[in-house]
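Novice: Here's a sequence, model it:
(one chain, ligands or ions: 3)
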Amino acid sequence: MESLSPAIGQKAILPSTTARSDRNLFFGSVRLRTVRNIDRGCRRLRIRVQAGNGAAAGAGIEFSDPDWKLKYQREFETRFNIPHITDVIPDAVSYPSTFCLKMRTPVSEEFAEGYPSDEKWHGYINNNDRVLLKVINYSSPSSAGAECIDSNCSWVEQWVHRAGPREKIFFKPEEVKAAIVTCGGLCPGLNDVIRQIVITLEIYGVKQIVGIPFGYRGFSEKDLDEMPLSRKVVQNVHLSGGSLLGVSRGGPKVSDIVDSIQERGINMLFVLGGNGTHAGANAIHDECRKRHIKVAVVGVPKTIDNDIMLMDKTFGFDTAVEEAQRAINSAYIEAHSAYRGIGIVKLMGRSSGFIAMQASLASGQIDICLIPEVPFNLHGPHGVLRHLKYLLETKGSAVVCAAEGAGQDFLEKTNAKDASGNAVLGDIGVYLQHEIKKYFKEIGGADVKYIDPTYMIRACRANASDGILCTVLGQNAVHGAFSGYSGITVGICNTHYVYFPIPEVISKPRVVDPNSQANLSEKNSSTELVTFNNQNQGGRCETLYAIDFACNLENGADEDFESLLSEQEPEYKYDGVVGEFSGNYSIGEQEEDDP
Ligand SMILES: Nc1ncnc2c1ncn2[C@@H]1O[C@H](COP(=O)(O)OP(=O)(O)O)[C@@H](O)[C@H]1O
Ligand SMILES: O=P(O)(O)OC[C@H]1O[C@](O)(COP(=O)(O)O)[C@@H](O)[C@@H]1O
Ligand SMILES: [Mg+2]
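Specialist: Ligands and ions are numbered 1, 2, ... in the order given. Next comes the predicted model:
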């Protein structure tokens, strides 16, 4: 797991001239390799981390201990244990579930003579059911996207708790007052989740269900009343985007929220939101524990940014990508139809470029995709502007897609924060538009069209796949609460539904891994996670890293490459004959030699 093994197997990105060093922190030795892509007349540059021997730096694991795997797994089990109300209220009573499971019979030859009666076959999820978190057994740390615990990339099973209805419930439905709150920015699917939570609560037999209006603020603003919810109220809410309950950023202190929860008699709280909301939900859960009150706090991760750790995806992301493609297509048509046309599309993604990357990949119409995870240069011989000039000269038009968090180094920092404490970013789209216009004004002009579909991609209704995801997440949130779990969130993991303890999914934002197999995929041949789609060089130029090192290098320009490398990364050596680099790239006290 990442937090146990930060040092080994971590992917590295070769810094560009503007790269921040914190993007490139890793320990041990690194071998750099270029692969000449003959068909396409370009090169791909890769960095591989060679794991050091002995104990992983900072991981606290002694790999020489023959029992290290067992210890690792034990520690993992403890970390991913999901808190239960009996942890602080040991005498909490359980009851047989009121959730009906008539249809949940097993498919097995054992039952060829007919299925057992409901009494014999309960069909519930057992508390010991687990789902495997990581499903790839990497043979070596050099495999694309390898996440290794030790230097051999040993296989260690990591199990997380399976979501679903349990046989025993810890709340009597008639004593439940359930509340739902939606916080942060909008996201397609919020209404679908609200709807499914209400419907599932009613199936259990709950009568008191309320919505807290406008996020956590609804707990403290006197003029905001709870909204009574029932199947009748929510029946058709999924047919429109937004949130029936409203959203907000900022809000009251955690202790005030818990005071309000107690005053209102709420004992189940469903919290729909992103990383900030979940930090809040976990703090509410902790406060309830401190006060020894029986409240189940369950999160459902919401964010179009897809920046929540450990899950396959968050709801709303798919829809946002689909919607973003419409903007990209418009930018492409505008650029393609204009004389020397350049289209720019800015998409959301504060610290993660998933939307921009996926929408670019899916559309096949993007030449340059800029995301926060991959630093780039704008000016200079290997900058975006020079490449745009090249594209105009060779194919007549170009389209750029930028995630909102990309290229923030170029913009003035204001230290401004929104009501939730999130940094207010500079507008990379406006900046790009300005710089591109300025650059081309002096060299023959360009017809620049800028599209900012920011809010359009998240205010829409969920698509079919998100709709299904929301439905199952909503159901499982209710099952989790009735089963007595609290401080948990629901996620989809390798296509199965699981419960995670909240801190594990918000320890840091999930970001695009430029080295992952998915992003290296040859399947989509028009844009990879990069920055360029160089169709006029007899193919495309694919580089996973910054343009500095590959795309603008003409065929055979080894000297350019060598001098660039020695200037920017003096520790690396370039072997011009076989195109191999080697050298140690290490920081701090943790330096280790290549084994
Ligand atoms: N660390 C935190 N502790 C408690 N509440 C928080 C924390 N961070 C954010 N919140 C609250 O969570 C809500 C949503 O957070 P925000 O960052 O705006 O959106 P998101 O949940 O989508 O990331 C806000 O009401 C904010 O005040
Ligand atoms: O204008 P707003 O409402 O602050 O929303 C902008 C933010 O919303 C997001 O799309 C999603 O952020 P959250 O998940 O924190 O809601 C960010 O990418 C973006 O910075
Ligand atoms: Mg957030």
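Novice: Leu378 reaches Ile436, doesn't it?
Specialist: No. Under the criterion of CB atoms under 8 Å, Leu378 is not in contact with Ile436, lying 9.0 Å apart. Quick note: C-beta positions are derived from backbone N, CA and C, even for glycine.
Novice: Mutual contacts of those two, please.
Specialist: Residues within reach of Leu378 and of Ile436 at once, by CB atoms under 8 Å, 6 or more residues apart in numbering, are Leu385.
Novice: Okay, buried residues for stretch 323-338 please.
Specialist: By 16 or more other CB atoms under 10 Å, the buried positions in stretch 323-338 come out as 323-332, 334-335, 338.
Novice: Could you dump those into JSON lines and include distance to Cys148, pLDDT and secondary structure?
Specialist: Below are the buried residues of stretch 323-338 laid out as JSON lines (distance: CB to CB, whole Å; pLDDT from 0 to 100; DSSP: H, G, I helix; E, B strand; the rest coil):
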{"residue": "Glu323", "distance to Cys148": "37", "pLDDT": "97", "secondary structure": "helix"}
{"residue": "Ala324", "distance to Cys148": "34", "pLDDT": "97", "secondary structure": "helix"}
{"residue": "Gln325", "distance to Cys148": "35", "pLDDT": "96", "secondary structure": "helix"}
{"residue": "Arg326", "distance to Cys148": "40", "pLDDT": "96", "secondary structure": "helix"}
{"residue": "Ala327", "distance to Cys148": "39", "pLDDT": "97", "secondary structure": "helix"}
{"residue": "Ile328", "distance to Cys148": "36", "pLDDT": "97", "secondary structure": "helix"}
{"residue": "Asn329", "distance to Cys148": "40", "pLDDT": "97", "secondary structure": "helix"}
{"residue": "Ser330", "distance to Cys148": "43", "pLDDT": "97", "secondary structure": "helix"}
{"residue": "Ala331", "distance to Cys148": "40", "pLDDT": "98", "secondary structure": "helix"}
{"residue": "Tyr332", "distance to Cys148": "40", "pLDDT": "97", "secondary structure": "helix"}
{"residue": "Glu334", "distance to Cys148": "46", "pLDDT": "98", "secondary structure": "helix"}
{"residue": "Ala335", "distance to Cys148": "43", "pLDDT": "97", "secondary structure": "helix"}
{"residue": "Ala338", "distance to Cys148": "49", "pLDDT": "97", "secondary structure": "coil"}
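Novice: Ligand 3: which of the residues you listed is nearest?
Specialist: For the buried residues of stretch 323-338, the residue nearest ligand 3 by CB to the ion is Ala324; the value is 18.3 Å.
Novice: The closest one and Asp409: what is the separation?
Specialist: To Asp409, Ala324 is 24 Å away according to CB to CB, to the nearest Å.
Novice: and the protein, which of its residues are near ligand 1?
Specialist: By CB under 6 Å from any ligand atom, the residues of the chain that approach ligand 1 are 183-185, 215-216, 249-251, 254, 273-277, 279-280, 283, 303, 420, 422.
Novice: Start from the N-terminal end of this structure and give the helices.
Specialist: 68-79, 190-204, 231-234, 254-264, 275-290, 317-337, 354-363, 384-395, 428-441, 464-482, 502-506, 517-520, 558-568 (DSSP state H).
Novice: wait, which of these is closest to ligand 3?
Specialist: With respect to ligand 3, and counting by CB to the ion, the nearest of the helices of the chain is helix 275-290 at 4.5 Å.
Novice: What residues of that closest one count as buried?
Specialist: 275-289.
Novice: do the same with stretch 429-443
Specialist: For stretch 429-443, by 16+ other CB under 10 Å, it's Gly429, Tyr431, Leu432, Gln433, Glu435, Ile436, Tyr439, Phe440.
Novice: Can you name the residues in contact with that stretch?
Specialist: So stretch 429-443 is in contact with 340, 342, 344-346, 378, 384-385, 388-389, 392, 400, 402, 404, 407, 410-411, 446, 448, 450, 452, going by CB under 8 Å, 6+ apart.
Novice: List buried residues within those.
Specialist: Buried subset of those (neighbour count, 16+ other CB under 10 Å): 340, 342, 344-346, 378, 384-385, 388-389, 392, 400, 402, 404, 407, 410, 446, 448, 450, 452.
Novice: Let me know whether Glu175 touches Met268 as I believe.
Specialist: No. Counting by CB under 8 Å, Glu175 sits too far from Met268 to count as a contact (10.4 Å).
Novice: Which of the two has more residues huddled nearby?
Specialist: Set Glu175 next to Met268 and count neighbours by other CB atoms under 10 Å: Met268 wins out with 26 against 11.
Novice: Verify the contact between that one and Phe171 for me.
Specialist: Yes. Using CB under 8 Å, Met268 makes contact with Phe171 at a distance of 6.9 Å.
Novice: joint contacts of the two?
Specialist: Joint contacts of Met268 and Phe171 (CB under 8 Å, 6+ apart) are Ala296, Ala481.
Novice: thinking again about what came up before, which members of the residues of the chain next to ligand 1 additionally contact ligand 2?
Specialist: Near ligand 2, by the rule CB under 6 Å from any ligand atom, you find Gly184, Gly185, Gly274, Gly276, Thr303 out of the residues of the chain next to ligand 1.
Novice: wait, what's in contact with the second one?
Specialist: What it means is Gly185. Per CB under 8 Å, 6+ apart, neighbours of Gly185: Val247, Arg249, Gly274, Thr303, Ile304, Arg458.
Novice: Can you give me the distance of Asn415 to Ser352?
Specialist: In this view, Asn415 and Ser352 are 22 Å apart by CB to CB.
Novice: right, I mislabeled it, should have said Ser139
Specialist: Distance from Ser139 to Ser352, by CB to CB: 29 Å.
Novice: go on, Asp192?
Specialist: Asp192 is 23 Å from Ser352, by CB to CB.
Novice: cool, Phe171 as well?
Specialist: Taken as CB to CB, the span from Phe171 to Ser352 is 36 Å.
Novice: one step back: neighbour-wise, which of Ser139 and Ser352 wins?
Specialist: Between Ser139 and Ser352, counted using other CB under 10 Å, the more crowded position is Ser352 (23 against 11).
Novice: Over to the more buried one: give its phi and psi.
Specialist: phi -130, psi 140 (degrees, to the nearest 10).
Novice: show me what contacts it?
Specialist: Ser352 neighbours (CB under 8 Å, 6+ apart): Asp305, Asn306, Asp307, Ile371, Pro372, Glu373, Ala403, Gly405, Pro509, Arg510, Val511, Val512.
Novice: what about 7 Å?
Specialist: Counting by CB atoms under 7 Å, 6 or more residues apart in numbering, Ser352 touches Asp305, Asn306, Asp307, Pro372, Pro509, Arg510, Val511, Val512.
Novice: What number of residues are in the vicinity of the nearest residue to it once chain neighbours are set aside?
Specialist: Distances taken as CB to CB, 6 or more residues apart in numbering place Asp307 nearest to Ser352, at 4.1 Å, with adjacent residues excluded. Around Asp307 there are 24 other residues, counting by other CB under 10 Å.
Novice: Please list all residues in contact with Asp307.
Specialist: Neighbour list for Asp307: Asn275, Ser351, Ser352, Pro509, Arg510 [criterion: CB under 7 Å, 6+ apart].
Novice: Contacts only, for Asp225.
Specialist: Here Asp225 is in contact with no residue (CB under 7 Å, 6+ apart).
Novice: do Tyr138 as well
Specialist: Contacts of Tyr138 by CB under 7 Å, 6+ apart are Ala146, Cys148, Cys153.
Novice: repeat that for 8 Å
Specialist: Neighbouring residues of Tyr138 by CB under 8 Å, 6+ apart: Ala146, Glu147, Cys148, Cys153.
Novice: Repeat that for Lys71.
Specialist: So Lys71 contacts Ile61, Asp65 (CB under 8 Å, 6+ apart).
Novice: ok, now how distant is it from ligand 1?
Specialist: Using CB to the nearest ligand atom, to the nearest Å, we find Lys71 at a distance of 31 Å from ligand 1.
Novice: can you pull the pLDDT of the nearest residue to Gln196 once chain neighbours are set aside?
Specialist: Leaving aside its chain neighbours, Gln196 sits nearest to Gly474 (2.9 Å; criterion: CB to CB, 6+ apart). Model confidence at Gly474, given as pLDDT, is 98.
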